[in-house]
Structure formats: structure tokens, C-alpha cells
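Visitor: Predicted model and sequence follow; I will ask about them next.
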Amino acid sequence: MKYHIATFGCQMNEYDSGLLANLLESVGCQVTSKKEEADFIFFNTCSIREKAEDTAIARISQIKSLKYKNPNLKIIIVGCMAKNKGKALFKRLPFIDYVIGPDHYKEIPEIILKQKSYQRVYTEFDETENYQGAYAKLQTPYSTSIGIQRGCNKRCSYCIVPYVRGKEKNRDPLDILAEVQSAADRGVSEIMLLGQTVNAYHKDDFSFATLLDKISQINGIERIRFTSPHPKHYNDELIDVLLSNSKICNHVHLPLQSGSDAILKKMRRQYNVENFLSIVERFRNNNPLYAVTTDIISGFVGETDEDFEQTLEVVKKAQFDNAFMFIYSPRAGTESFQEKETLSEEEKQERHERLVVIQNEITMQRNKLMFNRNEKILVERPSTKDPDEWVGKTENFKKVIFKPTKIVHPGDYVVCHINDIRGWTLRGEVVGE
Ligand code: 5AD
Ligand code: SF4
């Protein structure tokens, strides 16, 4: 039996697809990259913005004909849209077989191999399901993500995540450490810890700072990253570990969402601009090249011209190394969905575009600061444009293109002298290993 998984959305979904892959392989299924060859096709879907759902539905619709060619094919929708839309999906996509939410992946082998009735939905929350002992397939042989927390206890007024992923569940630290150890034993040196508010992680007395410290002691682990922290959950203990432990990378993805205190309040973000900037300042005081990336939503309900100008000001002050910038998308079921939108699509788009122009310039300036430095690069892959060139990442998560002086492999570390910048991309010359 062969399976294929198409993954949409965030890194948590990528991780869950890895969990699912291992669960399927444990009952003898084999992966295939070709949908035409598969007996089971999974779509691991996202609901964060309306467009994410529309894209998934369009992609699923495209494979309808495969069902006629292979009547035994099972099509299974998993992930956030499965939970969000439930059985309504059978109306939109009458040829699909199962709709399975994020708390039911362990049941999947049983469901798809034994269940004789189709068009069934498994989407109730299970507050006890933490995937204890179920590890994910490695994403690459040298770098992988590990989920440490599922769900979310915040109620940001725009956000659908708590409704599709349920309450925050923190995984047993020993189980996490065992998964990291097993990845390290197989040659992984970079770990990305995942959670919706990852720095709020706690299990009994075990804090996020303690977890980071313990992971850093695992032999073979060289780089620790995590996403996404919430600005409210930084304390001195955590900042001390982040700045003093050399294995924790000097990059943080810290979602700002808006630079207006009034909007942050309406978003129920639980911090203000001053709190946010003081965190950024602590990182940058320690190391001016500390990379800070962010998420920003333009055109939230009630966002005035002045609110938006404030966002632009904060963006200039914070000097983000990069930003994911989104146009507000009202999501049914969330608090802000109740409110009538105050801006037209054109106005929202126009704000978004202004923001993108400003941030792009800042991204360029921040990249220029890397010029003339020697940086340790984690080697990823040959470049798609020129196979003689390779791509890797600095500790502060910047992509570097370089020409190896001798044979390199994915997962190697090399030291590059950054001697050129083309567009946004840093280029370097290997000066050491
Ligand atoms: N509309 C637009 N962007 C959103 N995000 C979350 N919900 C919405 C929404 N309704 C953005 C936030 C979050 C990122 C993952 O997606 O910026 O940090
Ligand atoms: Fe990830 Fe949220 Fe999208 Fe779900 S809705 S895939 S948790 S970004």
C-alpha cells in the first residue's frame, strides 16, 4: 500500500505530516511522491486565512479524476480545515473518503485499513491526545522539527487556531528529549521546536528555559531554534538562557501583528508596543546582528490610518530582518468576525503593499550588515539555478550561496566569508570547515 501526503500551512502541519508518515509506515505503507501511484492520498490542510482553505479545496478538486481511474483510492482530509469544516467538506468535495482532525491521527491506520464505511468524520477534540511516543519522520537527515506543544490557550480575536487545534497541551519533557535524542542519533544537528506559543511551554516544574538547556546538552545537537514564541512569555530566566547558551540560535521569530497599542488591545494580544520593543532591544543590545523576524497583519477591523502609520513606525524602529505580512482575513467563529469590517479590500491591499515596500528595504539593509563577515553555514542542498553552487544557512537564519572548494554534503558545516550580496541573497567564499 502506498501513501502520499500533500501538506499546506505552517510548520506544525509539516511536523504532523511527519507523525502521520511514521504511523503509516509502522503498518507497512510506503511513501510515494506521485499521487497517481498512491492508494491513500492525504491533504493536511490549513485554515488560518480564507485563501488557505480556498487553495486546499482547489488542489483537492484537481485529483477527482484519479478516483475514477483507481476506485480503491482513498482520499483523506486532515489538519485544520478538516476540523474547521467537518462534514461540510463532503458537500464541496463529494469524492473524498474521510475527514480527520488533528487529535485523531493515531487512529488513521485503523480507519483507512479496516473501516468499511466511508465519508466519515473524526474531528472531536481529545484533550488527552499528546502523541506520546509517536515520533515524526525526520524532515531532512540533518535538521528537523519537533512538536513540544499542541493547541493554544490565547484568544487573539482574529485567530482561528484555538478553534481548530483546541486547548494548549504541553508534551512530556522526557518524551521530547527522547525524540531529540533519536534524531541526534541519526545525525540531525539542528532542531526546531514547535508550539503555537512555544515559550509558554511548561510541564509541572519543567519550563521552556529548562527544556532548551537540556536539549543543548544532547550530543550532536549544534543548533536549536523554536517557533513561535509569544511576546508575553519572555522572562529573565528565558532571556538569560537564550543569550548565554551558544547552541540556541541568534534568531527569533517574534510576531508583532500590529504597531498600534489600540489595535493590539482589540486583538487581545496581551502586550503593548513598548513591551515588544524592549524584548527586541535586549536581543540586539547583546548582539546587533541578532535576527528578529515577525508576522504583521494589515487592515484589521477598525484599523485607522493612524494605527497603520504606527505599525510602519514600529517596523522602522524594530528593524526586522524579515517579516511575513498578511492582509486581515475574517474567520467565522472568531471574536473579530462579529465586527463589521471598516476597510475595503482595496484599502487593506494598499496598506499591505506600503508595508511590504518598507520592510523589503529594511530586510536588504539588515542583510548588508552581514557583509565581510565570516559565518558558519549549515549546508542544505545544491542551488537549483547552478548545481556547482550550494545553499546553506547562517546561525541567524540567513540564506548563503557559496561554491564549495571540496565535496560537501547536506548537514556539513562550513565557514564562509560573505563577500557579495545579489538582491537579498548573501554569497560567500568557503574559508574553513
Ligand atoms: N487574517 C490574517 N492573518 C492572520 N494570521 C492569523 N490569523 C489571521 C487572520 N485572520 C497571521 C498572524 C499569525 C500568522 C501565523 O498568521 O500574523 O501570526
Ligand atoms: Fe498551522 Fe494555524 Fe494553519 Fe493550522 S490554521 S495549519 S495551526 S497556521
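Guide: Here it is on my side, so go on. Numbering: from 1, shown residues only. Ligands and ions are numbered 1, 2, ... in the order given.

Visitor: All the strands of the stretch 51-200 of the chain, residue numbers only.
Guide: With DSSP state E, counting those that start in this stretch as the criterion, the stretch 51-200 of the chain has strands at 74-79, 98-100, 120-122, 143-147, 149-150, 169-170, 190-194.

Visitor: from the stretch 151-300 of the chain, which residue is nearest to ligand 1?
Guide: The minimum distance from the stretch 151-300 of the chain to ligand 1, using C-beta to the nearest ligand atom, falls at residue 295 (3.3 Å). For every residue, glycine as well, the C-beta is placed using N, CA and C.

Visitor: What helix or strand is the residue lying closest to that residue once chain neighbours are set aside located in?
Guide: Leaving out its chain neighbours, the residue that sits closest to residue 295 by C-beta to C-beta, 6 or more residues apart in numbering is residue 255, at 4.0 Å. Using DSSP states H and E, residue 255 falls within no helix or strand.

Visitor: for residue 255, phi and psi?
Guide: With angles defined as degrees, to the nearest 10, residue 255 shows backbone torsions of phi -70, psi 120.

Visitor: burial of it, as a residue count?
Guide: Neighbour count of residue 255, defined by other C-beta atoms under 10 Å: 20.

Visitor: cool, residue 165 as well?
Guide: Residue 165: 22 neighbours (other C-beta under 10 Å).

Visitor: Excluding chain neighbours, what is closest to it?
Guide: residue 151 (4.6 Å).

Visitor: picking up where we left off before, show me what the helix or strand hosting the residue of the stretch 151-300 of the chain closest to ligand 1 is packed up against.
Guide: Using DSSP H and E, residue 295 sits within strand 291-298. In terms of contacts (3 or more C-beta pairs under 8 Å, 6 or more residues apart in numbering; DSSP states H and E), strand 291-298 is packed against strand 251-253, helix 273-286, helix 305-318, strand 322-327, helix 345-368.

Visitor: most neighbours per residue, which of the ones you listed?
Guide: Comparing the helices and strands packed on strand 291-298 on average neighbours per residue, with mean count of other C-beta atoms under 10 Å, the densest one is strand 251-253 at a mean of 23.

Visitor: Provide the strand pairings for it, with the direction of each partner.
Guide: Within its sheet, strand 251-253 is paired with strand 291-298 (parallel), according to DSSP bridges.

Visitor: got the contact list for the partner strand?
Guide: The contact list for strand 291-298 (C-beta atoms under 8 Å, 6 or more residues apart in numbering) reads 158, 228, 250-259, 280, 283-284, 308, 311, 315, 318-328, 348, 351-352, 355, 366, 396-398.

Visitor: filter those residues by proximity to ligand 1?
Guide: 158, 255, 257, 326, 328 (C-beta under 6 Å from any ligand atom).

Visitor: Would you confirm that the fourth one contacts residue 49?
Guide: It refers to residue 326. Yes - in this structure residue 326 lies within contact range of residue 49 using C-beta atoms under 8 Å: 6.7 Å.
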